[in-house]
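**Q** Sequence plus predicted model, see below.
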Amino acid sequence: MPAAHLITRAERVWHALRSLSFDETLRSDESHVVRSSWQLQAPDRLAYQIADGASAVIAGRRRWDRTPGKPWKASPQPPIRQPTPQ
């Protein structure tokens, strides 16, 4: 199967998902690591938690953010479509 067809099919499958969750690890070396957990729900919901760090929740046109030790802070949110391939 040519690569272009494979990518098109993968995008179609991704867009058909109703929900998706995944864990992500980013590192520049052994001592600089950021771990996060993500939850996506169609059509317009997203949440993430960075280990020992910030969190956010998006639902429709509202967003809530929190940094460690602080209360949640609400703000308006432009519409998003989830899940969306990265």
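**A** Cool, the structure landed.
**Q** Could you check stretch 29-37 and say which residues are buried?
**A** Buried residues in stretch 29-37, defined by neighbour count with 16 or more other CB atoms under 10 Å: residue 36. (Glycine included, C-beta is placed from N, CA and C.)
**Q** Could I get the CA-only coordinates of that stretch as CSV?
**A** What follows is stretch 29-37, C-alpha atoms only, in CSV (Å, rounded to 0.1, in the frame of the first residue of the first chain):
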residue,chain,number,x,y,z
ASP,A,29,18.6,13.7,28.3
GLU,A,30,18.3,11.3,31.2
SER,A,31,17.9,14.1,33.8
HIS,A,32,15.4,16.3,31.8
VAL,A,33,12.1,14.4,31.5
VAL,A,34,8.5,15.6,31.3
ARG,A,35,5.7,13.0,31.5
SER,A,36,2.1,13.8,30.8
SER,A,37,-1.2,12.0,30.5
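**Q** Run through who's touching it.
**A** Here stretch 29-37 makes contact (CB atoms under 8 Å, 6 or more residues apart in numbering) with 21-27, 48-51, 53.
**Q** Show me which pair in these is furthest apart.
**A** The widest separation within the contacts of stretch 29-37, taken as CB to CB, falls between 21 and 27 and amounts to 20.8 Å.
**Q** Contacts for stretch 41-53 next, please.
**A** Residues outside stretch 41-53 that contact it (CB under 8 Å, 6+ apart): 17-19, 34-40, 55-60, 67-68, 79-83.
**Q** again but with stretch 13-20, I slipped
**A** Here stretch 13-20 has contacts from 38-42, 83-85, using CB under 8 Å, 6+ apart.
**Q** shaky segments in this protein?
**A** 1 (pLDDT under 70).
**Q** mind listing what the spatially most central residue of it touches?
**A** Ranked by distance to the mean C-alpha position of the chain (CA atoms, centre = their mean), the top residue is residue 38 at 4.7 Å. Contact analysis of residue 38 by CB under 8 Å, 6+ apart lists 20-24, 46-48.
**Q** rerun at 10 Å
**A** Taking CB atoms under 10 Å, 6 or more residues apart in numbering, we find residue 38 in contact with 20-24, 46-49, 82-83, 86.
**Q** how about the strands in the chain?
**A** 19-29, 32-41, 45-50, 55-59, 62-66, 73-76 (DSSP state E).
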